[in-house]
Every structure is written in C-alpha cells, then in structure tokens.
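S.K.: Quick one, structure for this:
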Amino acid sequence: MKGLRPFKLPLDKLISKDVKRAVLFILTVFLFLSAATACVPTGKPLDVAQDKTAAPVEAPPAKPAEPAKPAATGQFNVLNSSVIPDFPGKLLFNLKAENGANITDIRLHYTVVDREAFARVASEVFIEFTPGASIDVQWPWDMRKTGGLPTGAIIEYWWTLKDARGNQTETTPAKINFDDKRYAWQSITENNVTLYWYKGNQSFADELMASVQQALVRLADNTGAHLKKPVKLYIYANSRDVQGAMIFPQEWTGGAAFTEFGIIFLGIDSSNLEWGKGAIAHELSHLVVHQMTFNPYIEPPPWLDEGLATYNQGALDATFVGALKAAMSSNSLSSTRSLSSPFSAFPAQSYLAYAQSYSLVEYLLTTYGQSKMLELLTVFSEGSSYDGALKKVYGFDMDGLDTAWRSYVARRYPLTKGIIRPLPLALIRNSIEPAGITLDRLARVRAERRS
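M.R.: Predicted coordinates:
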C-alpha cells in the first residue's frame, strides 16, 4: 500500500449529457421566476390579466389659510404671575395665561419656607374659574381666617395648569417677603441676631443689641443653651405700632415671639428702655429653648419654658415675689404637674404661674447646676415625656420635683408675720407671647390706646 495515490475520475465522464440538459433547464426557470417576483410591489397581488387605463383624479378644492396655533403638546403661555401683599392681613395671588386649547384646571401651591418644621408642607388651592383659552384669575389669602404671619416671613408659590387635551404645566417657584413696609427699617447684625428698628438713632439700636448679647451670654452661662440658627428682632416705636402688625391683637399686647420663625417684635422706645431690655431677654430665651428642644413629638413643659425665660430677665420682680408668698400663705400653690399645661388666662392665676415657674427653674439651677439643665433640654429634644426626662436627668418625676421644690421655696421665700394679700391685677399672656407685660407697662399701653 505504500506509495498509493488517490484516484481521480474526470467529471465529464461521470455525468451524462441528458443530466446536464435537465440541470440547465431548472436553473433557467429559477432565474426567470426570481426576476418576475422582484418586479411586483408588496401589498395587494398584481392582477396581470387586467389592462385598464386609470381615470384622472380631481384635486380637492383649496382651503383658506388658518391662523397659527400652539403645538398639540400644549404650549402654555404665562403672561403674569405675581403677588400683591397687604401686610398683615392678606396676600393677593394673580395669574394670567393663555393656551391653544381651553385651560380647564388651575391650582395655586404655596408654602412658608422659613418656618421650622420636620417636613415641607405645601398648601394647594383649587381656583374656581370659567375654562377658556385665555384666563385671568386671582386668589386672596385672607389671614383673618387662617391666622397671620410675622413680618419677615418668606412665602414660596407656584401654579399648575391643565388644558382640555390633558396637557399640564407648572410655573417656576417664586418667593415673596411678607414685610411690614409701613416703616423705613434700619438693621444691624451681630452673632446670629439681626435687629431692625425705624425710630431712634444708632446709639439706641447699639444699646439694644448690647442687651441682646448680654441676655444670650447669661442664658448660656446658666443653662448651656445657645442659638443654633439666626433670629430676627423687630423694634417698633410703641405698642400701637406692634398691634398694627398683628391680626386681632389684644389691647395690652406689647410684643410677640414667633418661635417657629425665629422672629420677635417688641414696642420699645427711650421711655421704656429698661422694660424693653427685660422683654428682649425673656423672648430670646423662648427662641433659644425652642431651637434646643425642637422635635416632632413634644414641647418642653410651660413651667420650664416660661421659668427659664423669666429667670433670664434677672432677679424675680417684687410683684411676682408677692404673688408667690400670697399663695404660700393661703396654701394655694399650683402643682408642678398642673403647670405643665397652658397657663390660665385669669390674671391672678397667670401671675402666680410665672412666679412658680421662675422658682422651679431657680431650684433646679441652684441645686443641680448648668450641666444638668443642658442635659434636660437635650433629653427633651429627643422627644422624651415630662416625667421620663426628669427621671433620666434628676432621678425624680414631676411629683418628686414638686415635693422637693416646696421645701426649697419655703426656705428661699420665708413668710413674714401678718396677712399677705394676693395682687388685684396680674400679667396676662396669650399663645403668641405678649412679651411679659408688667403692671406699669399695661397701664402705659392702655393710655396709648386712649390717646
């Protein structure tokens, strides 16, 4: 087998002539059919049997030209979006827009951006109007119905619009400052506090700012608490001007603190400067305590909040001491637990509540010191209950505090011989802080109202 080579037979000798003719015929038919199929368009089969001449087709009559319209996707054209403020009672929102299709739905959205909160909440207003391709609508925010905002508040707003085709658009958010523009305000800023005033010279403002800084240092020394965010202090010339910045003010209101906004306004001039300094210390304390304890669950008890604010003003005023001693003499002191509810609107009971709150805070600070008070504020910021916070920091609940405090107050303010009569008038306080108005200040406010 060695040296064997493969054998090849010529192809032309293996295939006969008849076979060659058959293969050639098949190839010819295949090429013909392929060419015919390529000439026929796809779709309806071609009827090659028909031989008809196509009739001429008349063109449709020309239509007149139509005016240009917005694209079908919805071309909203906002011609005007604005707000007209009328401090302190109203904001008037305005919108003017047009579209190729009828605008069928308009909604106003607004939120107060500088109010401290754990969630951003926006209000939505459904605007009542007649649908059309062009709209001009207004909506008044009447704060006599909803409650007012302080001067300096910032509102953000935007609109959403829908048309009959289902298209929708949203305007770019805009902001407006809700300012009291009745006066030409001046301002100075120091250490997270901006002070605004319009009556008085620079030295008047500097003296008040010095009082602000002293109050903050005193509060920090006593409690360890401090401002975490900037605050604004508006100084009005008198209580009448203050009341003009409020919705339905009481006749005795000399100022207000809006803790969620970090805003205070007070009526102070050169004639009541010392009262004003005390009121500043009081209201600043409320803002600091709010910032130190802010949480979504609970606020500190009123006796602690008001007690720290009154304590930050300095020594307890003689009228408060008199109210405290009168209650001790008649065995009518309020319990600490009852002082954890909003204070009474009755003058004598309200006055006593402030005096007791001061004394409770005085007891905690002088007995346990600054570090424990700072710890208490920190525990409240975690959402702790009143009893839970006191137990964690001091080892007793509100009833235990009440027992210990009564022993302290009897030593701190010993009763003298004779009958101690309760005061006929007292501090009155509402929910937005009338700034610790004392009896002489109350008389001055009423005199200003009559003049």
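
S.K.: Could you list the low-pLDDT ranges of the stretch 51-200 of the chain?
M.R.: 51-74 (pLDDT under 70).

S.K.: Break this protein down into its structural domains.
M.R.: Domains of the chain are assigned by automatic domain parsing as 77-178, 186-438.

S.K.: can I get those in CSV with mean neighbour count?
M.R.: The C-beta positions use only the backbone N, C-alpha and C, and glycine is treated the same way. What follows is the domains of the chain, written out as CSV (neighbours: other C-beta atoms under 10 Å):
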stretch, mean neighbour count
domain 77-178, 16
domain 186-438, 18
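
S.K.: The stretch 251-400 of the chain: strands as residue ranges?
M.R.: Assignment of strands within the stretch 251-400 of the chain using DSSP state E, counting those that start in this stretch yields the ranges 255-258, 263-267.

S.K.: Okay, now the sheet partners of the helix or strand hosting residue 110, with direction.
M.R.: Using DSSP states H and E, residue 110 sits in strand 90-112. The strands beside strand 90-112 in its sheet (DSSP bridges) come out as strand 77-86 (antiparallel), strand 123-126 (antiparallel), strand 132-142 (antiparallel), strand 153-163 (antiparallel).

S.K.: out of those, which comes closest to residue 100?
M.R.: When those are ranked by distance to residue 100, counting by C-beta to C-beta, first place goes to strand 132-142 at 6.8 Å.

S.K.: How far off centre is the very next helix or strand once past the closest one?
M.R.: Read in the C-terminal direction, the helix or strand following strand 132-142 is helix 143-146, with elements assigned using DSSP H and E. With C-alpha atoms, centre = their mean, to the nearest Å as the basis, the distance from the averaged C-alpha position of helix 143-146 to the chain average is 17 Å.

S.K.: ditto for stretch 311-323
M.R.: For stretch 311-323, the separation from the chain centroid amounts to 35 Å (computed by C-alpha atoms, centre = their mean).

S.K.: re the thing from before, with distance to residue 110 as added columns, please give the strands paired with strand 90-112 in JSON lines.
M.R.: Shown next, in JSON lines, are those (distance: least, C-beta to C-beta, whole Å):
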{"stretch": "strand 77-86", "distance to residue 110": "9"}
{"stretch": "strand 123-126", "distance to residue 110": "6"}
{"stretch": "strand 132-142", "distance to residue 110": "8"}
{"stretch": "strand 153-163", "distance to residue 110": "4"}
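
S.K.: got TSV for the strands of the stretch 251-400 of the chain, with mean pLDDT and distance to residue 342 too?
M.R.: Formatted as TSV, the entries for those read as follows, by pLDDT from 0 to 100; distance: least, C-beta to C-beta, whole Å:
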stretch	mean pLDDT	distance to residue 342
strand 255-258	91	15
strand 263-267	96	20
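
S.K.: Residue 276 contacts residue 266, correct?
M.R.: Yes. With contact defined as C-beta atoms under 8 Å, residue 276 counts as touching residue 266 (6.2 Å).

S.K.: Name the residues contacting each of the two.
M.R.: Overlap between the neighbourhoods of residue 276 and residue 266 consists of residue 235, taking contacts as C-beta atoms under 8 Å, 6 or more residues apart in numbering.

S.K.: Which one, of the strands paired with strand 90-112, ends up nearest to residue 200?
M.R.: Using C-beta to C-beta as the measure, strand 153-163 is the one of the strands paired with strand 90-112 that comes nearest residue 200, at 24.4 Å.

S.K.: What is the helix or strand following that closest one packed up against?
M.R.: Tracing the chain past strand 153-163, the next element assigned as helix or strand by DSSP H and E is strand 168-170. Taking 3 or more C-beta pairs under 8 Å, 6 or more residues apart in numbering; DSSP states H and E as the contact definition, the neighbouring helices and strands of strand 168-170 are strand 153-163.

S.K.: secondary structure element for residue 225?
M.R.: If you go by DSSP H and E, residue 225 is not part of any helix or strand.

S.K.: The one 3 residues further on too?
M.R.: Residue 228 belongs to no helix or strand when elements are defined using DSSP H and E.

S.K.: what's the answer for residue 121, then?
M.R.: When elements are assigned from DSSP H and E, residue 121 belongs to no helix and no strand.

S.K.: tell me the contacts of residue 109?
M.R.: Contacts of residue 109 by C-beta under 8 Å, 6+ apart are 122, 123, 124, 125, 157, 158, 159, 160.

S.K.: what is it paired to in the beta sheet?
M.R.: As for beta bridges, residue 109 partners with residue 124, residue 158 under DSSP bridges.

S.K.: on that earlier part again, relative to residue 347, which of the contacts of residue 109 is nearest.
M.R.: Closest approach between these and residue 347, by C-beta to C-beta: residue 123, at 37.4 Å.

S.K.: That closest one contacts residue 111, correct?
M.R.: Yes. In this structure residue 123 lies within contact range of residue 111 using C-beta under 8 Å: 6.9 Å.

S.K.: Next, the contact list for residue 377, please.
M.R.: Shown in contact with residue 377 (C-beta under 8 Å, 6+ apart): 223, 224, 225, 289, 292, 293, 300.
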